[in-house]
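S.K.: my questions concern the predicted model and sequence given below.
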Amino acid sequence: MTIASTPAPGEGQTVCVTGAGGFIASWLVKLLLQRGYTVKGTVRNPEDPKNGHLKTLDGAAERLILCKADLLDYDSLLAAIAGCHGVFHTASPVTDDPEQMVEPAVKGTENVIDAAAEVGVRRVVFTSSVGAVAMDPNRGPDVVVDESCWSDLDFCKKTRNWYCYGKAVAEKAACERAKEKGLDLVVLIPVLVMGPVLQPTINASVVHILKYLDGSVKTFTNAVQAYVDVRDVAMAHVLIYETPTASGRYLCAESVLHRGDVVGILAKLFPEYPLPNRCSDEVNPRKQPYKLSNKKLKDLGLQFIPAKQSFYETVKSLQEKGHLPIVS
Ligand SMILES: NC(=O)c1ccc[n+]([C@@H]2O[C@H](COP(=O)([O-])OP(=O)(O)OC[C@H]3O[C@@H](n4cnc5c(N)ncnc54)[C@H](OP(=O)(O)O)[C@@H]3O)[C@@H](O)[C@H]2O)c1
């Protein structure tokens with residue numbers, strides 16, 4: 001008698017990941033390959049050494065196809081998405097320059113949705129951001145931020161938070177376009193993402209703690225921030241893709257911390273670095289962490305990596321990749 005082994009969840013399925021060489025997407029591609037998927041990863045330049053790490057992932061030689069595509073080039077996206085059962089749209093500019101941010105984020109997302117609809121994919125997972133959710137000056141301190149919240153677009157414009165503005169408008173565009181086209185769209189909303197880096201370059205969110213460790217910032221701000229580990233973000237993408245009943249938006253967050261708590265955790269873990277111990281705001285009361293719900297993802301079975309562990313492994317990885325000197 002032969003015992004049939006359980007097939008990997010992705011066996012026989014091809015999915016597209018846009019912006020495959022990015023911080024989050026690299027972990028997502030790694031996880032999808034582990035789960036047996038064939039992955040068509042879009043990159044703007046397949047020959048660029050910054051995408052070289054993708055080719056070394058387990059399963060990449062057999063099941064990773066890198067496709068040259070730009071978000072503003074519809075035909076390049078259509079070619080990448082052709083033959084795919086699903087799409088993970090993670091590519092986006094990450095900048096507060098309005099010209100570089102808004103059009104690629106919004107038009108690029110519409111292009112991805114249109115191409116996915118044209119090809120007839122089963123589901124699109126769109127990577128939004130807490131920037132599309134939490135920028136609301138009128139939210140009371142006791143309100144629990146959940147999937148029903150949206151950032152105030154006028155406030156984002158007024159405060160020149162073009163990244164948050166672009167992500168919010170892109171998410172709204174994705175939802176409207178998908179509805180128009182009858183396409184199944186599920187949205188993942190990560191908060192600030194930490195964790196080990198696979199790519200050789202430094203991405204914007206990791207700089208958030210690197211700047212405290214390398215001495216380039218001497219004080220911390222009187223501000224709070226929500227955090228999540230990149231490996232949980234990758235798993236959340238996969239969970240909401242693979243769960244047939246998944247729908248709507250999913251906030252992906254582990255905890256909300258004051259900057260003082262962050263530098264405190266880092267100082268305990270890595271006392272050898274010149275971490276700031278003074279807040280730049282000596283006048284106002286310390287900002288309190290807001291409440292944030294991660295219930296929808298927990299209900300799907302996601303167990304979040306604690307922020308302390310995530311910070312530790314981020315620093316170790318920055319040291320290993322040579323972005324942070326090892327101080328004895
Ligand atoms: N990291 C966070 O804290 C965080 C939090 C919430 C949401 N997110 C969202 O998660 C996604 C990935 O972010 P990340 O942190 O992994 O950023 P990242 O490392 O900067 O990756 C972004 C990717 O998007 C690609 N891209 C940018 N503009 C493009 C264009 N016009 N055409 C094609 N590709 C383009 C980049 O390609 P190139 O390498 O060619 O530039 C890169 O691969 C983004 O949608 C971001 O908004 C991130």
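M.R.: Perfect, I can see it now.

S.K.: make it CA atoms for all contacts and neighbour counts henceforth
M.R.: Fine.

S.K.: get me the contact residues on the stretch 201-328 of the chain for the ligand.
M.R.: Contacts of the stretch 201-328 of the chain with the ligand, taken as Cα under 6 Å from any ligand atom, map to 203, 205.

S.K.: which parts of the stretch 201-328 of the chain are strands?
M.R.: Counting by DSSP state E, counting those that start in this stretch, the stretch 201-328 of the chain has these strands, from start to end: 224-229, 248-252, 255-258, 291-292.

S.K.: would you turn those into a markdown table with mean neighbour count?
M.R.: Converted to a markdown table, the strands of the stretch 201-328 of the chain look like this (neighbours: other Cα atoms under 10 Å):
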| stretch | mean neighbour count |
| --- | --- |
| strand 224-229 | 21 |
| strand 248-252 | 23 |
| strand 255-258 | 20 |
| strand 291-292 | 17 |
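
S.K.: spit out the contact partners of Asp114.
M.R.: Contacts for Asp114 (Cα atoms under 8 Å, 6 or more residues apart in numbering) come out as 177, 181.

S.K.: how about CSV for the strands of the stretch 201-328 of the chain, with distance to Leu31 added?
M.R.: What follows is the strands of the stretch 201-328 of the chain, written out as CSV (distance: least, Cα to Cα, whole Å):
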stretch, distance to Leu31
strand 224-229, 14
strand 248-252, 17
strand 255-258, 23
strand 291-292, 26
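
S.K.: between those strands, which one is nearest to Ser148?
M.R.: With Cα to Cα as the criterion, Ser148 lies closest to strand 248-252 of those, at 8.4 Å.

S.K.: what packs against that closest one?
M.R.: Packing partners of strand 248-252 (3 or more Cα pairs under 8 Å, 6 or more residues apart in numbering; DSSP states H and E): strand 185-190, helix 295-299.

S.K.: the strands of the stretch 201-328 of the chain: which one's closest to Ser92?
M.R.: strand 248-252 (17.8 Å).

S.K.: what's that closest one in contact with?
M.R.: 130, 146-147, 185-191, 228, 233, 236, 293-294, 296-297.

S.K.: returning to that earlier point: now the strands of the stretch 201-328 of the chain as TSV including mean pLDDT?
M.R.: Shown next, in TSV, are the strands of the stretch 201-328 of the chain (pLDDT from 0 to 100):
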stretch	mean pLDDT
strand 224-229	98
strand 248-252	98
strand 255-258	98
strand 291-292	96
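
S.K.: ranking the helices and strands packed on strand 248-252 by burial, who's on top?
M.R.: strand 185-190 (a mean of 24; mean count of other Cα atoms under 10 Å).

S.K.: touching the ligand at all, the helix or strand that that one is followed by?
M.R.: Per DSSP states H and E, the first helix or strand lying C-terminal to strand 185-190 is strand 192-194. Yes. Against the ligand, strand 192-194 shows contacts by Cα under 6 Å from any ligand atom at 192-193.

S.K.: got it, and stretch 35-53?
M.R.: Yes. If you take Cα under 6 Å from any ligand atom as the test, stretch 35-53 does meet the ligand, through 43-44.

S.K.: next, the buried residues of that stretch.
M.R.: Neighbour counts over stretch 35-53 (16 or more other Cα atoms under 10 Å) mark 35-44, 46, 51 as buried.

S.K.: could you dump these to JSON lines with distance to Tyr241?
M.R.: Below are those laid out as JSON lines (distance: Cα to Cα, whole Å):
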{"residue": "Arg35", "distance to Tyr241": "13"}
{"residue": "Gly36", "distance to Tyr241": "14"}
{"residue": "Tyr37", "distance to Tyr241": "12"}
{"residue": "Thr38", "distance to Tyr241": "15"}
{"residue": "Val39", "distance to Tyr241": "14"}
{"residue": "Lys40", "distance to Tyr241": "16"}
{"residue": "Gly41", "distance to Tyr241": "16"}
{"residue": "Thr42", "distance to Tyr241": "18"}
{"residue": "Val43", "distance to Tyr241": "21"}
{"residue": "Arg44", "distance to Tyr241": "24"}
{"residue": "Pro46", "distance to Tyr241": "26"}
{"residue": "Asn51", "distance to Tyr241": "24"}
